[in-house]
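A.B. asks: I'd like to go over a predicted model; first the sequence, then the structure.
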Amino acid sequence: MKKIKIKNLYKVYGAHKNFEGTRALNGINLEIESGQVVAIMGPSGCGKTTLFSMISGIDTPTSGEVWVKDKNIFKMNSEERATYRRNNIGLIFQEDMLIDYFTIYENISLLRNDTNEIKKLSEYFGINKFLNKYPKELSFGERQKVAACRAFINNQDLILADEPTGNLDSNSSKKFIEYVLKLNNIRNDTFLMATHDPFVASYCNRVVFLNDGKIIMDIYKKESRRHFLDRIFDCLVILEGEINDMEQEIL
Ligand SMILES: Nc1ncnc2c1ncn2[C@@H]1O[C@H](COP(=O)(O)OP(=O)(O)OP(=O)(O)O)[C@@H](O)[C@H]1O
């Protein structure tokens with residue numbers, strides 16, 4: 001089943017009569033199957049965060065359509081869209097967005113206060129011993145696992161993670177992504193992750209490369225993670241070539 005269908009999506013920021021604006025998304029067409037684990041890669045400013053804010057309905061596109069589970073989310077009014085977001089989407093950001101004066105338990109329970117589910121998820125992520133502590137008492141890696149628990153708590157089946165390992169060292173990144181993907185396998189959620197890290201991307205089944213608001217490559221894992229990582233590096237070399245060409249054109 002198609003989980004997400006994006007058709008001809010454009011987002012232009014800040015256009016007015018003397019300025020044509022910034023084209024953050026420049027005609028994106030993308031389909032994602034239910035249960036797929038997809039990394040979105042590309043240089044800073046290529047449109048990854050903008051794409052996520054369109055899929056989550058946080059912001060509206062200039063033109064184009066986003067269908068999630070057979071619903072065109074920009075045909076909903078803003079109230080319906082807020083309900084859609086709350087019930088369907090789990091968000092994980094680079095900054096964990098935990099509330100410092102709430103305990104870890106309270107932070108996770110904000111969306112759904114289900115003691116059994118919180119116990120299960122926090123045990124799964126190995127943070128159950130921290131439930132009565134405060135975010136400041138945890139390491140970055142531990143805090144990011146709390147953020148993941150919060151994203152999964154409401155049984156959302158679409159998780160959007162924007163640079164979730166951006167603040168973690170390589171060992172914590174590896175542990176974080178392994179935990180998230182193992183859980184994802186059990187629940188068959190659809191997982192989209194923006195990342196600059198090829199190693200983290202190599203854990204996904206598919207990597208979509210963006211440049212300048214467009215999809216320029218889209219690859220699927222058919223081999224071992226190690227070999228997929230090599231292929232991701234090859235794509236990054238091609239991407240770098242494109243960026244250099246664009247810079248030459250501007251000069
Ligand atoms: N609210 C905004 N107003 C104006 N321009 C914006 C806005 N948000 C993003 N942009 C511009 O749109 C383009 C895409 O930005 P976006 O944040 O989606 O990129 P990104 O790939 O997520 O970058 P990064 O990897 O640095 O987070 C950039 O040129 C950015 O400057």
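C.D. replies: Received, thanks. All values reported here derive from a predicted model rather than from experimental measurement.
A.B. asks: show me where the stretch 151-251 of the chain has its strands.
C.D. replies: 158-162, 190-194, 206-211, 214-220 (DSSP state E, counting those that start in this stretch).
A.B. asks: just send these back as TSV, with mean neighbour count too.
C.D. replies: In short, each C-beta sits where N, CA and C put it, glycine included. Converted to TSV, those look like this (neighbours: other Cβ atoms under 10 Å):
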stretch	mean neighbour count
strand 158-162	23
strand 190-194	26
strand 206-211	22
strand 214-220	16
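A.B. asks: what residues does this structure put near the ligand?
C.D. replies: Tyr13, Gly14, Thr22, Ala24, Gly42, Ser44, Gly45, Cys46, Gly47, Lys48, Thr49, Thr50 (Cβ under 6 Å from any ligand atom).
A.B. asks: export stretch 27-35 to PDB, keeping only CA atoms.
C.D. replies: This file holds the C-alpha atoms of stretch 27-35, laid out as PDB (Å, rounded to 0.1, in the frame of the first residue of the first chain):
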ATOM      1  CA  GLY A  27       8.600  19.900  -8.200                       C
ATOM      2  CA  ILE A  28       8.900  16.900  -5.900                       C
ATOM      3  CA  ASN A  29       7.300  13.700  -7.000                       C
ATOM      4  CA  LEU A  30       7.700  10.900  -4.500                       C
ATOM      5  CA  GLU A  31       5.800   7.700  -3.400                       C
ATOM      6  CA  ILE A  32       6.600   5.800  -0.200                       C
ATOM      7  CA  GLU A  33       5.200   2.400   0.600                       C
ATOM      8  CA  SER A  34       3.800   1.500   4.000                       C
ATOM      9  CA  GLY A  35       6.500   0.300   6.300                       C
END
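A.B. asks: tilt between the worst-scoring helix or strand of the chain on mean pLDDT and strand 190-194?
C.D. replies: None of the helices or strands of the chain scores lower by mean pLDDT, DSSP states H and E than helix 170-187, at a mean of 85. On the basis of axes from the mean of the first three to the mean of the last three Cα atoms, to 10 degrees, helix 170-187 is oriented at 160 degrees to strand 190-194.
A.B. asks: now do the buried residues in helix 170-187.
C.D. replies: Neighbour counts using 16 or more other Cβ atoms under 10 Å place Ser172, Ser173, Lys175, Phe176, Ile177, Tyr179, Val180, Leu181, Leu183, Asn184 of helix 170-187 among the buried residues.
A.B. asks: for the ligand, state which of those is nearest.
C.D. replies: Ser173 (16.1 Å; Cβ to the nearest ligand atom).
A.B. asks: quick check: mean pLDDT across stretch 142-161?
C.D. replies: Confidence for stretch 142-161, expressed as mean pLDDT, is 88.
A.B. asks: low-confidence stretches in the protein?
C.D. replies: Low-confidence segments of the chain, defined by pLDDT under 70: 1, 250-251.
A.B. asks: helices of that one, start to end?
C.D. replies: Taking DSSP state H as the test, the helices found in the chain are 48-55, 78-88, 104-109, 115-124, 140-152, 170-187, 198-201, 225-250.
A.B. asks: quick one: distance of the last one to the chain centre.
C.D. replies: Distance of helix 225-250 from its chain centroid, counting by Cα atoms, centre = their mean, to the nearest Å, is 21 Å.
A.B. asks: and if you look at the third one?
C.D. replies: Averaged C-alpha coordinates place helix 104-109 at 21 Å from its chain's average position (Cα atoms, centre = their mean).
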